[in-house]
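In: My questions are about this predicted structure, shown below with the sequence.
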Amino acid sequence: MTKQTLSFQAEVAQLLHLVTHSLYSNKEIFLRELISNASDACDKLRFEAINDGGLYENDTELKVKVSFDKDAKTLTITDNGIGMSTQEAIDHLGTIAKSGTKDFVSKLSGDQKADSQLIGQFGVGFYSGFIVADKITVESRRAGMKADEGVRWISGGAGDFEVENITRAERGTSVILHLRDDSMDYASAWKVKGIINKYSDHISLPILMEKEEWKDGELINPSDENGGRQPGAMVKTGEWETVNKANAIWARAKKDITQEQYDEFYKQISHDFEAPLAHTHNRVEGSTEYTQLLYIPGKAPMDLYNREKSAGVKLYVKRVFIMDDAEALLPTYLRFVKGVVDSSDLPLNVSRELLQESRDVKAIREGCTKRVLGMLEDLAKNDKLPEATTTAEGVTDVVSEEGKAEAAANAGKYTKFYNEFGAVLKEGLGEDYANKDRIAKLLRFSSSISDAASVSFADYKARMKEGQEAIYYITADNAAAAKNSPQLEVFKKKGIEVLLMTDRVDEWALNYLQDFDGTPLQSVAKGAVDLGKLQDETEKKAAEEAAETFKPMLAKLKEALKDKAEDVRVTTRLVDSPACLVVQDHGMSTQLARMLKQAGQAAPDVKPVLEVNAEHPLVKKLDGSVHFNDLAHILFDQALLAEGGLPADPAAYVKRVNALLV
Ligand code: ADP
Ligand code: MG
């Protein structure tokens with residue numbers, strides 16, 4: 001076949017024009033695209049060689065070589081992959097076969113700015129070479145074809161290209177970029193290596209570059225960068241070295257990877273010195289194909305609570321690095337997870353915007369979320385050492401020695417995780433409706449009978465009193481305030497456990513959890529306490545009677561406190577304290593309102609309900625007291641103090657107390 005000139009398909013010409021005119025801001029991606037093609041070509045050879053080993057032509061070491069020639073102004077990417085026949089070169093490099101690309105081109109408006117944004121979202125592939133080259137020569141020979149069946153393809157990136165038949169001994173493809181004058185900086189080993197490190201370290205194929213040495217005696221000015229050597233003073237040594245790490249750990253089979261290797265990779269991507277608590281590594285097949293390698297760190301980063309900087313998962317597409325911190329791959333409440341997702345379906349130039357909308361990404365996100373929750377469930381399950389078991393035959397300990405060692409290694413990991421990340425996990429109750437129940441099972445709290453924050457809702461339920469119908473909890477600013485809150489008095493007296501919630505997010509998160517496994521959650525500071533069956537008949541009757549006789553007093557108190565309290569009523573929740581504040585059943589708690597205000601956020605002015613203990617001497621004294629008004633206010637303000645709040649007018653409070661003391 002002699003040389004022939006062919007026209008690009010109309011869409012290609014359009015795309016080319018755009019590539020060369022609008023991708024200047026991100027020039028270096030051309031190398032990522034071309035190396036990715038080389039890697040694809042090797043993958044294809046490997047695949048076809050499964051049925052036809054002859055395709056290897058006795059050269060099984062697949063690799064990519066990158067070289068440059070300053071004088072000729074060329075940068076060349078060579079692979080020994082599958083190669084192209086003449087017809088394939090014409091078809092693959094002259095037309096757009098992929099329907100996605102056609103769609104894409106049809107969306108182009110001709111408005112350069114809008115289009116360049118669009119193109120940023122799309123893999124421009126081979127044509128990205130024209131960002132830095134004003135001419136590209138491709139020389140190739142398909143594996144298995146004769147040496148004289150090679151092809152040379154040349155184009156200046158305008159309307160047409162030339163193809164001719166050549167003789168090429170080596171199988172595979174060389175893409176020779178004739179660099180534009182403004183892109184000559186890519187004819188530098190330092191620059192090219194940097195780009196390879198950034199994007200292609202985890203391409204499993206070795207990427208080779210020719211070693212260079214400083215030419216002696218060319219020191220110009222020792223204080224310059226380069227140690228005073230001119231970049232031009234480098235000479236090639238003829239030796240080739242691998243410049244990428246060529247190790248995509250996640251692309252390897254699980255059985256070939258040691259724990260140390262998993263840990264090492266984690267340290268590399270997380271910059272953490274400690275080993276992670278757990279990892280999960282899976283290849284997911286089906287309508288969306290991807291590999292995930294995700295880790296649970298043992299320590300929270302400084303900026304954990306910054307929801308803005310919120311992701312630790314790197315996105316790769318076919319082992320080519322795309323972006324760090326791809327927040328679309330996991331929900332925000334799992335922002336502590338580190339790792340890699342490698343998709344086979346996304347385009348290489350996928351943007352953050354596109355990620356948010358992609359159906360594939362949605363599937364990946366769901367899959368990753370499930371895996372992470374699964375990891376946490378495993379950690380939680382193994383947090384405590386198994387208790388020795390005695391069987392009917394009197395054999396103690398059915399756990400093997402190995403099993404014991406493993407159990408010992410895993411024990412305490414969940415506690416560690418929870419101390420670091422528990423508060424963040426709780427955000428999931430509000431953020432991830434679909435997994436709400438799984439998240440709820442993973443939560444741990446301290447309680448009125450357990451100082452360690454290790455009580456799960458399930459533990460609590462298992463200890464519930466006969467006749468108890470709700471899971472009781474209290475929210476407070478800190479553990480001491482929670483534990484000593486007057487609102488707990490009746491629960492303590494009756495021996496009913498109350499969960500103590502002292503994380504800032506608790507109040508908000510619990511809004512989203514009405515019940516656990518069918519048992520309602522009930523704040524002890526909200527609504528009237530209805531201990532239901534836990535109260536016996538005499539207690540109920542006594543309370544009713546007290547309320548009745550106390551009625552006139554309540555009316556007076558209500559009047560005195562009408563600016564502060566929504567209502568005043570007789571309580572059944574207090575034993576030792578005279579009064580406490582509660583909010584209406586579905587109202588925002590005073591604690592949350594206080595927190596919001598402290599954070600400078602708008603919070604409704606919640607007027608709490610004052611509940612008074614009719615049995616308390618102070619309350620009894622109210623009747624007929626000449627200081628009734630002062631006592632009423634003191635009662636209210638003290639109730640506020642007891643739950644960690646401050647009287648609206650502290651000076652007035654002090655004055656009243658002092659007046660009484662005197
Ligand atoms: P994509 O890689 O997404 O298919 P590209 O524009 O990057 O799109 O490449 C277009 C096509 O050209 C590839 O699908 C492949 O058939 C062919 N091609 C490109 N580079 C090579 C190469 N180094 N070896 C073999 N074929 C190649
Ligand atoms: Mg490509």
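Out: Okay, I see it. Ligands and ions are numbered 1, 2, ... in the order given.
In: can you pull the contacts of the closest residue to ligand 1 within the stretch 1-150 of the chain?
Out: The minimum distance from the stretch 1-150 of the chain to ligand 1, using CB to the nearest ligand atom, falls at Gly125 (2.3 Å). Yep, even glycine has a C-beta here, placed from its N, CA and C like the rest. By CB atoms under 8 Å, 6 or more residues apart in numbering, the contact set of Gly125 is Glu33, Asn37, Leu348.
In: okay if I get the residues you listed as a markdown table plus secondary structure, neighbour count and distance to ligand 2?
Out: Formatted as a markdown table, these follow (DSSP: H, G, I helix; E, B strand; the rest coil; neighbours: other CB atoms under 10 Å; distance: CB to the ion, whole Å):
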| residue | secondary structure | neighbour count | distance to ligand 2 |
| --- | --- | --- | --- |
| Glu33 | helix | 22 | 6 |
| Asn37 | helix | 22 | 4 |
| Leu348 | coil | 21 | 7 |
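In: filter those by proximity to ligand 1?
Out: Checking the contacts of Gly125 against ligand 1 by CB under 6 Å from any ligand atom, the ones in range are Glu33, Asn37.
In: where do the helices sit along the stretch 501-650 of the chain?
Out: Under the criterion DSSP state H, counting those that start in this stretch, the stretch 501-650 of the chain contains helices at 506-510, 537-549, 551-560, 590-598, 617-622, 628-642, 650-661.
In: what's the closest of those helices to ligand 2?
Out: Closest to ligand 2 of these, according to CB to the ion: helix 506-510, at 44.7 Å.
In: of all the helices of the stretch 501-650 of the chain, which lies closest to ligand 1?
Out: Comparing the helices of the stretch 501-650 of the chain under CB to the nearest ligand atom, the one sitting nearest is helix 506-510, at 43.9 Å.
In: Output the contacting helices and strands for that closest one.
Out: helix 413-431, strand 471-475, helix 590-598 (3 or more CB pairs under 8 Å, 6 or more residues apart in numbering; DSSP states H and E).
In: Tell me which residue in this structure sits closest to ligand 2.
Out: Closest point on the chain to ligand 2, by CB to the ion, is Gly125, at 3.8 Å.
In: coming back round to it: okay, the contacts of Gly125 in CSV with pLDDT and distance to Glu239 next?
Out: Formatted as CSV, the contacts of Gly125 follow (pLDDT from 0 to 100; distance: CB to CB, whole Å):
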residue, pLDDT, distance to Glu239
Glu33, 85, 28
Asn37, 90, 26
Leu348, 77, 31
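In: Now distance to Ser140 too, for the contacts of Gly125, in JSON lines please.
Out: Output for those, formatted as JSON lines (distance: CB to CB, whole Å):
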{"residue": "Glu33", "distance to Ser140": "17"}
{"residue": "Asn37", "distance to Ser140": "11"}
{"residue": "Leu348", "distance to Ser140": "21"}
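In: does Glu212 really touch Ala189, like I thought?
Out: Yes. Assessed by CB atoms under 8 Å, Glu212 is found in contact with Ala189 at 5.5 Å.
In: Could you pull out the residues contacting both of these two?
Out: Met234.
In: Compute the number of surrounding residues for Arg444.
Out: Number of residues near Arg444 (other CB atoms under 10 Å) recorded here: 21.
In: what's the answer for Asp256, then?
Out: 8.
In: Next one: it from Leu31, what distance?
Out: 29 Å (CB to CB, to the nearest Å).
In: follow-up on the earlier one: out of the helices of the stretch 501-650 of the chain, which gets the lowest mean score?
Out: When those are ranked by mean pLDDT, helix 590-598 comes last with a mean of 69.
In: and the protein, which residues reach ligand 2?
Out: Asn37, Gly125 (CB under 5 Å from the ion).
In: Can you pull the domain assignment for the chain?
Out: 4-214+238-242, 249-381, 533-661 (automatic domain parsing).
In: May I ask which helix or strand of the protein has the lowest mean pLDDT?
Out: Sorting the helices and strands of the chain by mean pLDDT, DSSP states H and E puts helix 112-120 at the bottom, at a mean of 59.
In: Please tell me I have it right and Trp508 contacts Gly430.
Out: Yes. Trp508 lies in contact with Gly430 (CB under 8 Å); the separation is 6.6 Å.
In: how about Leu55, secondary structure?
Out: helix (DSSP: H, G, I helix; E, B strand; the rest coil).
In: For Glu61, which of the helices of the stretch 501-650 of the chain is the nearest?
Out: helix 506-510 (55.0 Å; CB to CB).
In: ok now that closest one, how far from the chain's centre?
Out: Between the centre of helix 506-510 and the centre of its chain there are 21 Å (CA atoms, centre = their mean, to the nearest Å).
In: Extract the CA atoms of that helix and return them as CSV.
Out: Provided in CSV are the C-alpha atoms of helix 506-510 (Å, rounded to 0.1, in the frame of the first residue of the first chain):
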residue,chain,number,x,y,z
ASP,A,506,-26.3,13.8,69.6
GLU,A,507,-29.2,16.0,69.9
TRP,A,508,-29.4,16.6,66.1
ALA,A,509,-28.7,13.0,65.2
LEU,A,510,-31.2,11.6,67.5
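In: returning to that earlier point: what pLDDT does the residue of the chain closest to ligand 2 get?
Out: 80.
In: swap in Ala311?
Out: On pLDDT, Ala311 comes in at 64.
In: Same check on the one 3 residues further on?
Out: With respect to pLDDT, Lys314 scores 89.
In: Need the residues that contact the host helix or strand of it.
Out: Using DSSP states H and E, Lys314 falls within strand 313-317. Strand 313-317 has contacts (CB under 8 Å, 6+ apart) with 202, 248, 269, 294, 321-326, 329-330, 337-344, 346-348, 350, 355, 368.
In: just the helices in the stretch 351-500 of the chain please.
Out: Counting by DSSP H, counting those that start in this stretch, the helices of the stretch 351-500 of the chain are 352-357, 359-381, 401-410, 413-431, 436-442, 457-462, 479-483, 489-493.
In: Could you say which of those helices is packed most deeply?
Out: Compared across the helices of the stretch 351-500 of the chain, helix 413-431 shows the largest average neighbour count, a mean of 20 (mean count of other CB atoms under 10 Å).
In: Please list all residues in contact with the residue of the stretch 151-300 of the chain found nearest ligand 1.
Out: Relative to ligand 1, the nearest point of the stretch 151-300 of the chain is Thr173 (3.8 Å; CB to the nearest ligand atom). By CB under 8 Å, 6+ apart, Thr173 lies in contact with Ala38, Ala41, Thr78, Asp79, Gly81, Gly83, Met84, Val138, Glu139, Ser140.
In: What sits closest to Ser46 if chain neighbours are left out?
Out: That one is not Ser; residue 46 is Arg. Leu62 (6.9 Å; CB to CB, 6 or more residues apart in numbering).
In: Quick check: that neighbour is in a strand.
Out: No. Counting by three-state DSSP, Leu62 is located in no strand; its state is coil.
In: rewinding a little: kindly reformat the contacts of Thr173 as JSON lines and extend each row with distance to Phe421.
Out: Below are the contacts of Thr173 laid out as JSON lines (distance: CB to CB, whole Å):
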{"residue": "Ala38", "distance to Phe421": "41"}
{"residue": "Ala41", "distance to Phe421": "43"}
{"residue": "Thr78", "distance to Phe421": "47"}
{"residue": "Asp79", "distance to Phe421": "44"}
{"residue": "Gly81", "distance to Phe421": "44"}
{"residue": "Gly83", "distance to Phe421": "50"}
{"residue": "Met84", "distance to Phe421": "51"}
{"residue": "Val138", "distance to Phe421": "51"}
{"residue": "Glu139", "distance to Phe421": "54"}
{"residue": "Ser140", "distance to Phe421": "52"}
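In: Just the ones of these in strands?
Out: Among the contacts of Thr173, the members falling in strands (DSSP state E) are Thr78, Asp79, Val138, Glu139, Ser140.
In: Compare the residues you listed and tell me which is most surrounded.
Out: Busiest of the ones in strands among the contacts of Thr173 [other CB under 10 Å] is Ser140, holding 29 neighbours.
In: now it: how far from Tyr199?
Out: For Ser140 relative to Tyr199 (CB to CB), the value is 23 Å.
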